[in-house]
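**Student:** Sequence plus predicted model, see below.
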Protein chains: 2
Amino acid sequence: MSASTKLSTAVKALCFLAESFPEPRSSSQISSRIGVNASKLRQLLSLLSKQSVVTSEKGMTGGFILNKSPDDVDLQSIYCAIEDRKAFHLDVSKYHDVEENGIEKFNEYFADLFADVQIDIENKMKNINLKTVMDQLGIKSKFKK
Amino acid sequence: MSASTKLSTAVKALCFLAESFPEPRSSSQISSRIGVNASKLRQLLSLLSKQSVVTSEKGMTGGFILNKSPDDVDLQSIYCAIEDRKAFHLDVSKYHDVEENGIEKFNEYFADLFADVQIDIENKMKNINLKTVMDQLGIKSKFKK
DNA sequence: TAATATGTTACACTATCCGTAACAATTTGT
DNA sequence: ACAAATTGTTACGGATAGTGTAACATATTA
């Protein structure tokens, strides 16, 4: 799954859980709702549970339950929970300069530039939370603390 | 080549050509300078010549020559010349919603969000030209109009 | 004890990336 | 005229990464 697909998939699942709160939803229920493989969903939601965004319970009545208010879950934190790489993968060629001709300075320059871009994206993502998304899509949250 | 690697490679090559102006440099000369395969360089520079960023000449004394002032070549235009995809590839899952449960709205939402991000990046790239890069790296341009 | 769920790993298939090679077309030098 | 060098383009094999699925240990409930 690409990083962006992971993010949108996670958001879809979390919105469904907000809608369903406090009823637990199994990975197969979520799968049939949002059209993503149940096994892949468990992988994603497992990561989100490690960041306490959702809770999970095994067993016949188990499933996933939203654990944070949609106000308190922004896209950046979702992204960080499910992807170890940075906001998106930008790299420069790893040519190692043996002749001291300044190529390593180029690589530093672009590494810095791409880091800047990533920070911009992260800031944009921080300003969008789950509630924002749900409001814009007309989805009602049943989450209560 | 990833999009970001293409961009940094192209900039390295163009800086070398600015340094060498008006002397043409062959793809193998550029290759040994910046450590990228000569064939791949020709592919990149061929695209840049179609946008008149460089000129190329065949034959024994041929090679590539910078054709635009470093002031007039920004990173965004380089990017557009060498990559047909948008600034970076962001996509949502292509699940087609047969049950009208609102998944397509999600996909639209994220497509819009990612388009916004791309515009931000493009604007950032527009504000950086070849001269900026060369100045910061202490490379002197010999380009003259 | 059977059924159902998560959590994790693995696997085959596919697609993409990457470096390189090959070669026609063109131009120059001798 | 001919050899040499270069661009421009296509192709290809190996490596790498993405995708969907399966499998199964573990845990929980009825």
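**Tutor:** Yep, it's here.

**Student:** close to chain B, is the helix or strand of chain A with the lowest mean pLDDT?
**Tutor:** Taking mean pLDDT, DSSP states H and E as the measure, chain A has helix A:103-126 as its least confident helix or strand, at a mean of 84. Yes - part of helix A:103-126 sits close enough to chain B to count as contact by Cβ under 8 Å from any Cβ of the partner chain, namely A:103, A:105-107, A:109-110, A:113-114, A:116-117, A:120-121, A:124. C-beta here means a position set from N, CA and C on the backbone, and glycine is covered the same way.

**Student:** Show me what that helix is packed up against.
**Tutor:** Judged by 3 or more Cβ pairs under 8 Å, 6 or more residues apart in numbering or on different chains; DSSP states H and E, helix A:103-126 is in contact with helix A:75-82, helix B:3-20, helix B:103-126, helix B:130-137.

**Student:** what's the most buried one of the ones you listed?
**Tutor:** Among the helices and strands packed on helix A:103-126, ranked by average contacts under mean count of other Cβ atoms under 10 Å in any protein chain shown, first place goes to helix B:3-20 (a mean of 23).

**Student:** just checking, what packs against it?
**Tutor:** helix A:103-126, helix B:27-34, helix B:38-50, strand B:63-66, helix B:75-82, helix B:130-137.

**Student:** so what's the residue in chain A that DNA strand D sits nearest to up against?
**Tutor:** With distances taken as Cβ to the nearest atom of the strand, chain A approaches DNA strand D most closely at residue A:59, which sits 2.8 Å away. For residue A:59, no contacting residues are found, by Cβ atoms under 8 Å, 6 or more residues apart in numbering or on different chains.

**Student:** Is it located within a strand, as I assumed?
**Tutor:** No - with DSSP: H, G, I helix; E, B strand; the rest coil as the criterion, residue A:59 is located in coil rather than a strand.

**Student:** rewinding a little: now flag whichever of the residues of helix A:103-126 next to chain B is closest to residue B:131.
**Tutor:** Within these, distances to residue B:131 taken as Cβ to Cβ reach their minimum at residue A:109, with 13.6 Å.

**Student:** So the closest one versus residue B:7, what's the distance?
**Tutor:** Shown here: residue A:109 relative to residue B:7, a distance of 11 Å by Cβ to Cβ, to the nearest Å.

**Student:** what about stretch A:30-38, how long is it end to end?
**Tutor:** The first and final residues of stretch A:30-38 sit 7 Å from each other (Cα to Cα, to the nearest Å).
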